[in-house]
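Asks: Give me the fold of what follows.
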Amino acid sequence: FRKLHREKVSYLGKRCAFLLCESATNIDDLHPSLISQQGEKIQWDDAEQPDFSDYSERLQTFHSWPYLQQEENTFVTPSLLAKHGFYFSGPDDGVTCFYCGNTLTNWSEAIHDTNQNIVQLEHARFFPCRF
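Replies: Below you'll find the predicted structure:
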């Protein structure tokens with residue numbers, strides 16, 4: 001069974017954008033920066049922290065994020081995290097999704113990851129979330 005499963009994943013992986021970590025999602029199409037076509041903010045009434053539905057509000061929370069001094073050497077930046085719905089909540093390097101309310105920590109290795117989708121992948125890996 002394992003061998004068959006591994007072969008199937010290997011076969012699918014050769015043409016699966018997700019497994020190849022290619023940008024082939026419609027996430028940005030759904031809400032590029034949480035702004036609708038009319039320029040009004042999209043309402044997230046069912047969000048755990050609706051006060052942080054605004055990108056700039058989330059970005060302002062990163063003033064004491066531990067990796068702020070290393071930003072020029074990292075790919076996971078406060079602006080990227082805020083873009084994907086996270087605000088800095090602590091402790092340590094904890095960031096929380098404004099929509100689902102779950103917190104991701106231990107970014108020390110991931111901040112140097114060159115995959116531009118690492119934030120989305122880590123979020124999806126640990127927490128199913130509509131955002």
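Asks: Any regions of the chain where pLDDT drops low?
Replies: Scanning the chain for pLDDT under 70 picks out the ranges 1-43, 70-73.
Asks: try 90
Replies: Counting by pLDDT under 90, the chain has low-confidence residues at 1-46, 65-77, 90-91, 106-122, 125, 127-131.
Asks: Quick one: the strands in it, in order.
Replies: Counting by DSSP state E, the chain has these strands, from start to end: 86-88, 95-97, 103-104.
Asks: what's the most buried one of these?
Replies: Of all these, strand 95-97 carries the top mean neighbour count, a mean of 25, counting by mean count of other Cβ atoms under 10 Å. Where C-beta positions appear, they are placed from N, C-alpha and C, glycine not excepted.
Asks: got the contact list for it?
Replies: Residues outside strand 95-97 that contact it (Cβ atoms under 8 Å, 6 or more residues apart in numbering) are 48-49, 81, 85-89, 102-105, 107, 123, 127, 129, 131.
Asks: Can I have the buried ones of those as a ChimeraX selection?
Replies: To isolate the buried members of the contacts of strand 95-97 in ChimeraX, using 16 or more other Cβ atoms under 10 Å:
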select :49,81,85,86,87,88,89,104,107,123,131
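Asks: Give me the contact list for stretch 48-66.
Replies: If you take Cβ under 8 Å, 6+ apart as the criterion, stretch 48-66 is touched by 33-34, 41-44, 47, 68, 78-79, 81-83, 85-89, 92-93, 96-101.
Asks: Report the contact partners of residue 107.
Replies: For residue 107, the contact set (Cβ under 8 Å, 6+ apart) comprises 67, 76, 93, 95.
Asks: From those, which land in helices?
Replies: Taking DSSP state H as the definition of helices, those contribute nothing to them.
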